[in-house]
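**Student:** mind folding the following:
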Amino acid sequence: MRIRDHRADDEPHIDLVPLIDVILVLIIFFVVTATFDARSVLKLELPRATGEAANDTSKALIVLVNADGRYFVDDREVLRSDVESLKSTIAEVAGTDRDRPVMLRADARTPYQAVVTVYDALGQLGFRKVMNATAPQTREAAEAGK
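**Tutor:** Just a heads-up that it's a prediction; the model follows:
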């Protein structure tokens, strides 16, 4: 009686499960560590104005207000739209530095009350250097305004 070796009939194969595991881990790593810029996420249409650009806004505290009246302080979203929530978020982000300049970037379609709420919160916290971000006025708009 002849004993047959069953291992010789097996064809070699590549196990894909570990490869899929490694690829999924890499995808999760890159998604979690990716940095998102708030300016790229929010589509703001800034109001147009003529004037000079600010000298140094690199260390300014950025407060964004979108067209729906939602607030963002640097990279943090304010969950409620009341003054107290906005004040607490600004205080957490800014710390104790009240001399730090604040750049207010409000969409041109933002309700005026949302902008006033930002000014109210900044005033109550003691910020005095507030700048408004605007887009440069187009030539057609400048000629139409004359």
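**Student:** tell me the pLDDT at residue 140?
**Tutor:** Here, the pLDDT recorded for residue 140 equals 58.
**Student:** so where's this structure shaky on pLDDT?
**Tutor:** The model of the chain has pLDDT under 70 over residues 1-10, 35-58, 137-146.
**Student:** got a list of what the closest residue to residue 83 other than its chain neighbours touches?
**Tutor:** If the residues on either side of it in the chain are set aside, residue 83 comes closest to residue 121, at 5.2 Å by CB to CB, 6 or more residues apart in numbering. C-betas here are computed from N, CA, C, even on glycine. By CB atoms under 8 Å, 6 or more residues apart in numbering, residue 121 lies in contact with 83, 86, 87, 90.
**Student:** repeat that for 6 Å
**Tutor:** Residues counted as contacts of residue 121 (CB atoms under 6 Å, 6 or more residues apart in numbering) are 83, 86, 87.
**Student:** can you give me phi and psi for the first one?
**Tutor:** The phi/psi pair for residue 83 (degrees, to the nearest 10) reads phi -60, psi -40.
**Student:** restricting to C-alpha, output the longest helix seen in the chain in PDB.
**Tutor:** The longest helix of the chain (DSSP state H) is helix 17-33. Extracted in PDB, the C-alpha atoms of helix 17-33 (Å, rounded to 0.1, in the frame of the first residue of the first chain):
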ATOM      1  CA  VAL A  17      -6.000  38.900   5.600                       C
ATOM      2  CA  PRO A  18      -2.800  40.400   7.200                       C
ATOM      3  CA  LEU A  19      -2.300  42.700   4.200                       C
ATOM      4  CA  ILE A  20      -5.900  44.000   4.500                       C
ATOM      5  CA  ASP A  21      -5.400  44.500   8.300                       C
ATOM      6  CA  VAL A  22      -2.200  46.600   7.700                       C
ATOM      7  CA  ILE A  23      -3.900  48.700   5.000                       C
ATOM      8  CA  LEU A  24      -6.900  49.400   7.200                       C
ATOM      9  CA  VAL A  25      -4.600  50.400  10.100                       C
ATOM     10  CA  LEU A  26      -2.700  52.800   7.800                       C
ATOM     11  CA  ILE A  27      -6.000  54.300   6.500                       C
ATOM     12  CA  ILE A  28      -7.200  54.900  10.100                       C
ATOM     13  CA  PHE A  29      -3.900  56.400  11.100                       C
ATOM     14  CA  PHE A  30      -3.900  58.900   8.200                       C
ATOM     15  CA  VAL A  31      -7.500  59.900   8.700                       C
ATOM     16  CA  VAL A  32      -7.000  60.500  12.500                       C
ATOM     17  CA  THR A  33      -3.700  62.400  12.100                       C
END
